[in-house]
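S.K.: pasting the sequence and the predicted model now:
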Amino acid sequence: EDPILSTEKEVREWAIQKSSEIDQLKAQEKFRREFLSNISHEFKTPLFAIQGYIETLKDGMMEDDIDMATNFLNKASKNIDRLTYLINDLDEISKLETGQISIHIEKFDIVELILETVDHLIDKAKKQNIEIIVDLKITHPVFVKADRQRIQQVIINLIDNSIKYGKEGGKTKINIYPLLDQILIEVTDNGQGIEEKNLPRVFERFFRTDKSRSREIGGSGLGLSIVKHIIEAHQQTVHARSTEGIGTTFGFTLEKAKSAL
Ligand code: ADP
């Protein structure tokens, strides 16, 4: 199906176009390969751990040391939870990427949703001795047009990260800024921060900084990718800024509802 080319200029343009198509295919192929290798790596780690615990239990620990055996069973169970989260996240991402998820837009009060979500996470934050502060200086209710359930997922992921990567005794602040046609929501922590070179990559699937890898606290590395997909499905934007050792801010916009009704 290659065209018939008559002039040298046409040949040159055709060659340029062809080579950029090949580059694109190569990039897609590289992306696919990396994605598969990331997935298998993410699955192997908990599977090997579960295998290890079961082997040890089979080797007689059940009878020898019942406390240790119980401990191993709990650890195996945690790893199974991890696999379950991973599968759910992957499922969510693939649905978002293939447009299989429809966004159910409704009008709701974003302040109320934030307060409700903070309530769910307050115990988790307390365990890390982190205080969650919602800025209520604005006049509320603040009505937005969005998918309430998915936006709750976004807020959970951002607050959850601020707890995971926050410092013991730290603070998470949530600010709500009314703009012209949008509402800007920002979640700020005073935790470890993110190196400048890594900042643009945190929304990539499976990306985790070395620090979170070595601390073994990170989840699947899919949370922020899901956040980005959800916000972009709303035709809105997400951003991140950070200073190492000082803290990190993640923000996203939502469409402001013109009236409360
Ligand atoms: P994870 O499941 O690893 O938390 P995310 O997609 O939510 O995956 O985040 C990707 C990576 O971005 C994290 O592993 C961590 O390195 C970094 N990160 C995310 N949020 C923060 C934060 N508030 N402070 C510091 N680093 C963060």
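M.R.: Arrived safely. As the structure is a computational prediction, the values presented were derived from the model and not from experiment.
S.K.: for the stretch 51-200 of the chain, which residues are neighbours of the ligand?
M.R.: Neighbours of the ligand within the stretch 51-200 of the chain, by Cβ under 6 Å from any ligand atom: N157, N161, S162, K164, Y165, D189, G191, Q192, G193, I194. Placement of C-beta: from N, CA and C, glycine included.
S.K.: just give me how far the helix or strand containing L254 sits from the chain centre.
M.R.: Following DSSP states H and E, one finds L254 within strand 247-256. The chain centroid and the centroid of strand 247-256 are separated by 14 Å under Cα atoms, centre = their mean, to the nearest Å.
S.K.: hmm, back to that, output the residues of the stretch 51-200 of the chain next to the ligand in TSV, with secondary structure, neighbour count and pLDDT appended to each entry.
M.R.: What follows is these, written out as TSV (DSSP: H, G, I helix; E, B strand; the rest coil; neighbours: other Cβ atoms under 10 Å; pLDDT from 0 to 100):
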residue	secondary structure	neighbour count	pLDDT
N157	helix	21	97
N161	helix	23	95
S162	helix	28	97
K164	helix	19	93
Y165	coil	22	93
D189	strand	27	97
G191	coil	24	95
Q192	coil	21	92
G193	coil	21	95
I194	coil	22	95
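S.K.: about what we covered before: can the strand holding L254 be said to contact the ligand?
M.R.: Yes - under the criterion of Cβ under 6 Å from any ligand atom, the ligand is reached by strand 247-256 at T248.
S.K.: ok, that strand: who's next to it in the sheet?
M.R.: strand 143-146 (antiparallel), strand 182-189 (antiparallel), strand 238-243 (antiparallel) (DSSP bridges).
S.K.: what residues does that strand touch?
M.R.: Residues outside strand 247-256 that contact it (Cβ atoms under 8 Å, 6 or more residues apart in numbering) are 110, 142-146, 151, 154, 158, 161-162, 165, 178-179, 181-191, 193-194, 224, 227, 231, 234-242.
S.K.: give me that answer again for 6 Å
M.R.: Strand 247-256 has contacts (Cβ atoms under 6 Å, 6 or more residues apart in numbering) with 144-146, 158, 181-191, 193-194, 231, 236-242.
S.K.: may I have it as PDB, with CA atoms only?
M.R.: Provided in PDB are the C-alpha atoms of strand 247-256 (Å, rounded to 0.1, in the frame of the first residue of the first chain):
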ATOM      1  CA  GLY A 247       7.600  18.300  51.800                       C
ATOM      2  CA  THR A 248       5.400  17.600  48.800                       C
ATOM      3  CA  THR A 249       2.200  19.100  47.400                       C
ATOM      4  CA  PHE A 250      -0.200  17.300  45.000                       C
ATOM      5  CA  GLY A 251      -3.000  19.300  43.500                       C
ATOM      6  CA  PHE A 252      -5.900  18.700  41.100                       C
ATOM      7  CA  THR A 253      -8.700  20.800  39.700                       C
ATOM      8  CA  LEU A 254     -12.400  20.100  39.300                       C
ATOM      9  CA  GLU A 255     -15.200  21.800  37.400                       C
ATOM     10  CA  LYS A 256     -17.000  24.300  39.600                       C
END
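S.K.: thanks again, I'm all set now.
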